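Colleague: sequence-free structure coming up:
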């Protein structure tokens, strides 16, 4: 029974992806991409990965789609490219080849080697949290997460180093927007805090919470309440860097206390993880907002 | 606080400070770079004295956790990065000044406050790369490196620079995604992604495909022929300090990983080896011929990097089991000597372009410039690049040729290739050096000699380091001869 | 069983994205293709982590995919920032004419 559902979902995913890639109208393509992300998230729930599904829906398809929509506004509609037949044939062969090799590689695999599962099971008791994905992200492989935040910050530094361009005028969103905002902004903060707390034992965590917080901040940004040019941007910058600085500081402090980088003191793992995650949530929300707004108008820094 | 963690986190914290405290960006840049240099030397000394260090981050043993491995090869790469970094920072401080002044143009202020955080992030990413012991962690460090390097490329702000930066980022993303695909397949094949398990990938078909994809992704990032198309534009359109960092340091990260994978994985398979050797040779010829035909000085130096990357790849393909032969050290020595020489060259070329106002080779002669220190630095760096004794370049090529001869009958062709590559590099470098000695046309008087400046010192120091490293090779060789993790 | 289906989906997405990236010169379509490619790779990882309907899946690849998603959005934002400055200042038609 579920196989029928899976096959239908798979077909839908492939179809929306193809639409996203080939639709002649940009808005249709990006809308298809948004829907594609949601369906992929659904397929991951089927595979037992709700944390990842949430992150994909919020960041992978939601925020990315928003970024693309904003960028597409200034662009002309895509002109159909004249592709010569040999070029097209070569592209088909390469694409089919890679996809085929990928599919084959798994079909001929012997029973998958199971290495991480028993290790995670054995050590999750010591990790301070009971959600295994949070344990991996914030404890077992916390170094990866720290460097991932450095990636976010590096992207922000890249955008900040570019020449400022004139900001587009924000459209007026109508009289219903402020009431919507009055509900939306506090709700996003509550939801974000809830997801953060929930992440220690159930699907959730800093990234999902940060994405929801970014949604609330974006709503404020679109309404004109929150501006990212001029002096208002400094608190946002402070929030953006604070998360990573707290994480690095915690890692070095842990090293001073226990002798190994990022080894939390025994028994206090949960407290350390929650502190770091709270800082991360605020930081991710602020960084994603600054990346979205593109730091225009030359007022990015004093 | 152990050196490996400080080597990554210190420059990163300095980057954050430089980004937030814009007025003192140069000071934070100096603190970050000099501090990292101190830690690098400290790491090298400790690795030499007590052997390689293995740190399990968080106390979790691999494969569950991530390990930081500091052995002789990693220490050499870290020290190389730090040394070039200090010199380049001196040049950057000289170019953009130490502090904000009231009447400087906005462009200059933007470049200064953009450069330091991006450079410190690059330094942090490179150190994280050299010390990492996990494939997925390496993917994340490559992403940091890619974004920071693209930022450095785009810093100049011209349309060509932005275009080159965009193409660089797209190529970098494509390489990263190939690498990620390889990691996904490796996980599917053996269930783990730490570097210690790379040798297991040889056993399954999916594992071999995974290795292929990983190497393809890294080859794209290393600008290995024929995947080098994005590189010459990026390196030649950037500001001189950025070009030096990009050519000397950023490409080495990817090349280091290829070497490390071959050493760790024991990929003795013939096709892989010969494949890399062939691509390396092709890259050498393509780069050298493009350099011979280049009309702009910076483009010539950028094509020269493509050629040298080909040479380093050839050296990597010679590496075998580290326990039975030392041929792999040729690749390490060539990487170090290239880093020193190429950074000196780009800094010198930057000064030449600054003084002459342009870098069209045909119009450079003694009337338009009397390069002084910059010309001197360029000439010395050229000697190392060509591979004449007693430079580090000579040491690297010598080790390579000895290693090739030990490979047997088929390798003689590659010895010939290396020698032809050296001849070609003499040819295209002579094009430049002859300009310094070309008499001005129509009896025009030679330009006045330019006084030495702080930036020149950096270029000369790097060039002299390349020259003398061959003589004082005991230190890096001692590190390389130590046990590998 | 479901993991095989979704693994096939991942392979299909990778192929589609590669084909489209190679045959279309438009900037935004290329960025969309790279995003679809990344999601395809993520799908392969999540499918490989599946252990059956009553056994919890392997958490480590889930962490990989989460990290990858965040990294990808950062790179996409950087790409779009660069593209925006190119479109405003450079020749807007240059992208199509070049390829």
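Modeller: Great, that's in hand. Note that the coordinates shown come from a computational prediction; the quantities given were computed from them, not determined experimentally.
Colleague: what about residue 52, how many residues nearby?
Modeller: Since no chain was named, I'll use chain A. The local packing of residue A:52 (other CB atoms under 10 Å in any protein chain shown) involves 32 other residues. The way it works is simple: take the backbone N, C-alpha and C, and place the C-beta from them, glycine included.
Colleague: actually, chain C is the one I wanted.
Modeller: 11.
Colleague: pLDDT score assigned to it?
Modeller: With respect to pLDDT, residue C:52 scores 85.
Colleague: can you tell me the SS state at it?
Modeller: Per DSSP: H, G, I helix; E, B strand; the rest coil, the secondary structure class of residue C:52 is coil.
Colleague: residues contacting it?
Modeller: Residues counted as contacts of residue C:52 (CB atoms under 8 Å, 6 or more residues apart in numbering or on different chains): none.
Colleague: phi, psi of it?
Modeller: phi 120, psi 170 (degrees, to the nearest 10).
Colleague: same thing with residue B:53?
Modeller: phi -110, psi 140.
Colleague: ok, it - contacts?
Modeller: By CB under 8 Å, 6+ apart, the contact list for residue B:53 reads B:2, B:4, B:46, B:47, B:68, B:69, B:70, B:71.
Colleague: check those residues against chain A, which are close?
Modeller: Applying CB under 8 Å from any CB of the partner chain, the subset of these adjacent to chain A comprises B:2, B:4, B:68.
Colleague: in strands, which of those residues appear?
Modeller: residue B:68 (DSSP state E).
Colleague: the helices in the stretch 301-450 of chain B, which residues?
Modeller: For the stretch 301-450 of chain B, the helices defined by DSSP state H, counting those that start in this stretch occupy B:328-356, B:373-386, B:392-405, B:412-437.
Colleague: and the second one, average pLDDT?
Modeller: The pLDDT scores in helix B:373-386 average 87.
Colleague: and the last one, by the same measure?
Modeller: The predicted model gives helix B:412-437 an average pLDDT of 86.
Colleague: which strands or helices does that helix pack on?
Modeller: helix B:270-293, helix B:297-318, helix B:373-386, helix B:392-405 (3 or more CB pairs under 8 Å, 6 or more residues apart in numbering or on different chains; DSSP states H and E).
Colleague: quick one: which of those helices is nearest chain A?
Modeller: Minimum separation from chain A across the helices and strands packed on helix B:412-437 (CB to the nearest CB) falls at helix B:270-293, 16.2 Å.
Colleague: now do the buried residues in the closest one.
Modeller: B:272-273, B:276-288, B:290-291 (16 or more other CB atoms under 10 Å in any protein chain shown).
Colleague: quick one, domains of chain B?
Modeller: When chain B is parsed with automatic domain parsing, its domains come out as B:1-131, B:134-267, B:286-485.
Colleague: could you dump those to JSON lines with distance to residue C:79?
Modeller: JSON lines is the format used below for the domains of chain B (distance: least, CB to CB, whole Å):
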{"stretch": "domain B:1-131", "distance to residue C:79": "16"}
{"stretch": "domain B:134-267", "distance to residue C:79": "6"}
{"stretch": "domain B:286-485", "distance to residue C:79": "23"}
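Colleague: so the biggest helix by length in chain C, near chain A or not?
Modeller: Longest helix in chain C, counting residues (DSSP state H): helix C:59-89. Yes. Helix C:59-89 comes into contact with chain A (CB under 8 Å from any CB), by way of C:59-60, C:62-63, C:65-67, C:69-78, C:80-85, C:87-88.
Colleague: report whether that helix contacts chain B.
Modeller: Yes. Helix C:59-89 comes into contact with chain B (CB under 8 Å from any CB), by way of C:61, C:64, C:67-68, C:71, C:74-75, C:78-79, C:82-83, C:85-86, C:89.
Colleague: I appreciate the help and will end here.
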